[in-house]
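Asks: Any chance you can model this:
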Amino acid sequence: MNVNQSAPSALPYGQPQPVYPGYQSSYGGQPGSTVPPTPYEASYNGPLPGYQQAPPPGVSRAPPPSGAPAPSTAQASGGQATYGQFGQGDVQNGPSSTVQMQRHPGSQLFGSAPVLSQPAVVQPYGPPPTSSQVSAQLAGMRISGATASAPSHSGLGYGSPTSGSFPNSGLYGSYPQGQVPPLSLAQGHPGAQPPQRSAPPQASSFTPPASGGPRMPSMTGPLLPGQGFGGPSMSQPNHVSSPPPQALPPGSQMTGPPGPPPSMHSSQPGYQLQQNGSFGSVRGPQPNYGSPYPGAPTFGSQPGPPQSLPPKRLDPDAIPSPIQVIEDDRNNRGSEPFVTGARGQVPPLVTTNFQVKDQGNASPRYIRCTSYNIPCTSDMAKQAQVPLAAIIKPLARLPPEEASPYVVDHGESGPLRCNRCKAYMCPFMQFIEGGRRFQCCFCSCINDVPPQYFQHLDHTGKRVDAYDRPELSLGSYEFLATVDYCKNNKFPSPPAFIFMIDVSYNAIRSGLVRLLCEELKSLLDFLPREGSAEESAIRVGFVTYNKVLHFYNVKSSLAQPQMMVVSDVADMFVPLLDGFLVNVNESRTVITSLLDQIPEMFADTRETETVFAPVIQAGMEALKAAECAGKLFLFHTSLPIAEAPGKLKNRDDRKLINTDKEKTLFQPQTSAYQTLAKECVAQGCCVDLFLFPNQYVDVATLSVVPQLTGGSVYKYACFQVENDQERFLSDLCRDVQKVVGFDAVMRVRTSTGIRAVDFFGAFYMSNTTDVELAGLDVDKTVTVEFKHDDRLNEESGALLQCALLYTSCAGQRRLRIHNLALNCCTQLADLYRNCETDTLINYMAKFAYRGVLSSPVKTVRDTLITQCAQILACYRKNCASPSSAGQLILPECMKLLPVYLNCVLKSDVLQPGAEVTTDDRAYVRQLVTSMDVAETNVFFYPRLLPLTKSPIENTTEPPAVRASEERLSSGDIYLLENGLNLFLWVGASVQQGVVQNLFNVSSFSHITSGLSVLPVLDNPLSKKVRGLIDNLRMQRSRYMKLIVVKQEDKLEMLFKHFLVEDKSLSGGASYVDFLCHMHKEIRQLLS
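Replies: You can find the predicted model right below:
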């Protein structure tokens, strides 16, 4: 399917995500009259695993965050009331009509100009409406029918505010007394009706009441879903505990005096009126999934005497669903291979399984871009505000059915390059003069072809050997580097691994040292090796430390290992050369003996203090002495407070949160570690840090060296062998075995017109062009931002070439090249049609997470919101067909930008809950910095999988549901994963047989909350769930520890923190509220 052609006419957003029935109204949604509100109504911004304490039940909702305007009636510019966090978004946009939408020919109008009505602010207090106002309200109300009739201007009218309501506090400007705001039907302003198209887009929108104004007419009878009791509204706008209402019959119109509402379809009794919105269609039952669980509340079908209707609210099913977009992409693009021959193709989403065929452009597994069609001019780029960036993962793992890049050996002459810009030979180079010369596609320089590389051209001007040479026909390939590409002009030695183990009191007491030494005995057989090599070329060494360092001589000729102690940590040196770094197979008996002895030697230690910087210094000096690159594996437990270089103090201060000094919490407290990291990079010494803290260890400072050397940080708070052993050992095995490029330098070249200006990731830069990595593993990405420095040409497009020079684990010096050609456009619509939201969010999160180092968090959040609003406002202004300002129109391929951006804004780094530690925030911040697009996608918007809906014999992954509490049914079990955490949520009404088959206990009450391992039982359900968990873990780069959460248990707070479409306890907006807030921001920009 060509991604640029308009999709066949379909209901906007495809079919909206089918939902599972919500909870009973007494749980999670609006409490019933006899049931008090549950204390776990709101979601909880939980800590990363290890911190399991939850705030006491009934914890009060936090005030709006500093990043969001308070829900006051203060006017924003242009007479618009500022947008609050909790009262907003109570508007409802009903199922769309069954008329199929036609896409507007000129621009991609997001389905067909999907429309989001103006949100209404619910004012929970204030006088009840008078009867005259009620009449006025109903007389002015019209529900647009499915038939395409001429636009009507009778809006959803509201009478003048009664005395005592706030003057002039309408959400988008106020109206004079008694005047009715216009109802727009996507045809523009009331005065100027454009000629009607044959099939105008169905777009309903209404104008909200003034915030202090009267409420909807009242009726009595059974409570409607989401409806408040007298007094303040108690329901959260994002909890709808009911199936969706049906649309009114076409053309129905409400006029006349107040009275009972027209009866709905008898199958859907008692639900509130819906407008025909163009945000989604009536949902049918979800395939594979049964009806609501027994016991769901039903409401009487006869309307009773008058009682107040619920406030208008956006239907969560009517707004863009990440699940639906992911599902549609899988169905449309998962079956065909993605062939990379054509320029500027947008690849399938990261959530789609697809095969790549390299025909000249690098696979999206190596490079993904925020847009595959970039503006020709910098003015156009500034106008759109869409960042132009590439997320590059140079050593990415490929699935088994895709071949690794071919290795090309040009002998002593080395790879062919452009003489001027030094770009490497690639499929875009143009051969001329019969093949004797070539023109560089990056800088247009004409170069001679060396005689040994000469080949004739065919009638199209292509070399006749083009398909025999990877560098002339493929997007990704490798060159063997010559000695000129090596340090000191000599080929490198194979790298070394040094294991550096903290043997202080904490490490010994927790059982960590014994566990680690036991594991290393077998793990050393699995060091990375080159291709089909018999054994790994990597040598290993061992150091233990507390306040002093112990080096071990494990030379193969020794009967027992020898220990040498260095107590002068201020002037670190390596006391031995011969026998420190050894081949595992040659010295196996000595190494095994050492690993048996270490736990015993320090078993009675009382030393609690540790050093840190001298340990890294020692490892680096050892690699320097051995003249090789390598990796240090550090296992560390506490804040390094012993007298030594790099000594740290406890500076954790929660009082700094939401102040201008908050940024200091993310900055290192001493520059010593940056200096040390710089020396490590020069030596090719990469550091992987495994932390086991029981309290604050200043991750922000300790992670500086791993971050700048291309290493990783792993954190196991409150480590206990019985609970955390599987997670730690799995991470360690994976980390030791994964492919790493050592002593690497990466450069990104671009064709004339754009250049790389900014870089994000785990690396060091000593100049503005070279990304230096002491180590680069298969999971790490480097993010590059581009800016214009000249005008681009639509015909020639734009080119990127990423060249990575590195030493393989066998000590071979190689160059890996990735090429990508992008389109250029003079029309903004083409830019918006070829963007990739997942990549955009990856870039924006990294940009924001770096921003917190230098700016207040509130500023960073506001910058993100403004940029998102500018991107969408530019689309609205320049690409969408004219329509009422009351509608929110999103580009088709960016319709998930608001929901994903809201997840970034609510993340622990930018909006921490009370229980998120400073170390947790610093840890997540550095983790996200080098994540790829698939990892940020699931990290910010977790996957929620229902386990008991699909048949047991169906072992494939069940379809996900949206990450919101209202999607949970208490009769079901759900798995939630975000790449770091894995929860199994068990509803209170789950069938007894399911509980027995999964947990081997007789009832829900007997399930152990917080359980981290499911019992191995011989039944289909147990096998299916355990298989699914194993499968999810295999997809992620880190082991996800399981936590079993029971409905209404205290751990549920932690689980709800990951239901990102809901409000968060730390003040983060729900998806519906944020969408309304974005709409307001866009309108302000447009006005």
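
Asks: Which residue is the nearest non-sequential neighbour of Arg967?
Replies: With C-beta to C-beta, 6 or more residues apart in numbering as the criterion, Arg967 has its nearest non-adjacent residue at 4.4 Å, and that residue is Val961. Where you see a C-beta, it was placed from the backbone N, CA and C, and this is true even at glycine.

Asks: Roughly how far does the residue lying farthest from the centre of the chain sit from Asn553?
Replies: Most distant from the centre of the chain: Ala559, at 52.6 Å, with distances by C-alpha atoms, centre = their mean. Going from Ala559 to Asn553 by C-beta to C-beta, to the nearest Å gives 12 Å.

Asks: Out of the helices and strands in the chain, which is least certain?
Replies: The weakest-scoring helix or strand in the chain, judged by mean pLDDT, DSSP states H and E, is helix 131-140 (a mean of 32).

Asks: Kindly export the helix or strand that that helix is followed by (C-alpha atoms) in PDB.
Replies: Under the assignment DSSP states H and E, the closest C-terminal helix or strand after helix 131-140 is helix 322-333. Extracted in PDB, the C-alpha atoms of helix 322-333 (Å, rounded to 0.1, in the frame of the first residue of the first chain):
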ATOM      1  CA  PRO A 322      -3.400   4.000  20.000                       C
ATOM      2  CA  ILE A 323      -4.600   0.400  20.000                       C
ATOM      3  CA  GLN A 324      -6.700   0.900  16.900                       C
ATOM      4  CA  VAL A 325      -3.800   2.600  15.000                       C
ATOM      5  CA  ILE A 326      -1.400  -0.200  15.900                       C
ATOM      6  CA  GLU A 327      -4.000  -2.900  14.900                       C
ATOM      7  CA  ASP A 328      -4.700  -1.200  11.600                       C
ATOM      8  CA  ASP A 329      -1.000  -0.900  10.700                       C
ATOM      9  CA  ARG A 330      -0.500  -4.600  11.600                       C
ATOM     10  CA  ASN A 331      -3.400  -5.600   9.300                       C
ATOM     11  CA  ASN A 332      -2.400  -3.300   6.500                       C
ATOM     12  CA  ARG A 333       1.400  -3.600   6.500                       C
END
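
Asks: Buried ones in helix 322-333, by neighbour count?
Replies: The neighbour-count check on helix 322-333 (16 or more other C-beta atoms under 10 Å) flags Pro322, Ile323, Gln324, Val325, Ile326, Glu327, Asp328, Asp329, Arg330, Arg333 as buried.

Asks: again with stretch 802-816
Replies: By 16+ other C-beta under 10 Å, the buried positions in stretch 802-816 come out as 802-809, 811-816.

Asks: Stretch 704-723 too?
Replies: By neighbour count with 16+ other C-beta under 10 Å, stretch 704-723 contains the buried residues 704-717, 719, 723.

Asks: Make sure Phe786 is indeed in a helix.
Replies: No: secondary structure of Phe786 (DSSP: H, G, I helix; E, B strand; the rest coil): strand, not part of a helix.

Asks: Inside helices: which ones of the buried residues of stretch 704-723?
Replies: Under the assignment DSSP state H, the buried residues of stretch 704-723 contribute Val704, Val705, Pro706, Gln707, Leu708, Asn723 to helices.

Asks: Show me the two of those that sit farthest apart.
Replies: With distances taken as C-beta to C-beta, the most widely separated pair in those is Leu708 and Asn723, at 32.0 Å.

Asks: what's the farthest-apart pair in the buried residues of stretch 704-723?
Replies: Across the buried residues of stretch 704-723, the longest distance by C-beta to C-beta is 32.0 Å; it joins Leu708 and Asn723.

Asks: Now find how far off-centre stretch 815-834 is within its chain.
Replies: The chain centre lies 23 Å from the centre of stretch 815-834; the measure is C-alpha atoms, centre = their mean, to the nearest Å.

Asks: Only alpha carbons, please: show that stretch as PDB.
Replies: Provided in PDB are the C-alpha atoms of stretch 815-834 (Å, rounded to 0.1, in the frame of the first residue of the first chain):
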ATOM      1  CA  LEU A 815      33.300   0.400   9.300                       C
ATOM      2  CA  ARG A 816      29.600  -0.100   9.300                       C
ATOM      3  CA  ILE A 817      27.700   2.200   6.800                       C
ATOM      4  CA  HIS A 818      24.000   3.000   6.700                       C
ATOM      5  CA  ASN A 819      22.500   5.100   3.900                       C
ATOM      6  CA  LEU A 820      19.000   6.600   3.700                       C
ATOM      7  CA  ALA A 821      17.400   8.800   1.000                       C
ATOM      8  CA  LEU A 822      14.500  11.100   2.000                       C
ATOM      9  CA  ASN A 823      12.100  13.100  -0.200                       C
ATOM     10  CA  CYS A 824      11.900  16.900   0.000                       C
ATOM     11  CA  CYS A 825       8.700  18.900  -0.400                       C
ATOM     12  CA  THR A 826       7.500  22.400  -1.100                       C
ATOM     13  CA  GLN A 827       4.000  21.700   0.300                       C
ATOM     14  CA  LEU A 828       3.400  21.400   4.100                       C
ATOM     15  CA  ALA A 829       0.700  18.700   3.400                       C
ATOM     16  CA  ASP A 830       3.500  16.400   2.100                       C
ATOM     17  CA  LEU A 831       5.500  16.900   5.300                       C
ATOM     18  CA  TYR A 832       2.500  16.000   7.500                       C
ATOM     19  CA  ARG A 833       1.600  13.000   5.400                       C
ATOM     20  CA  ASN A 834       5.000  11.400   5.900                       C
END
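
Asks: Alright, I will stop here.
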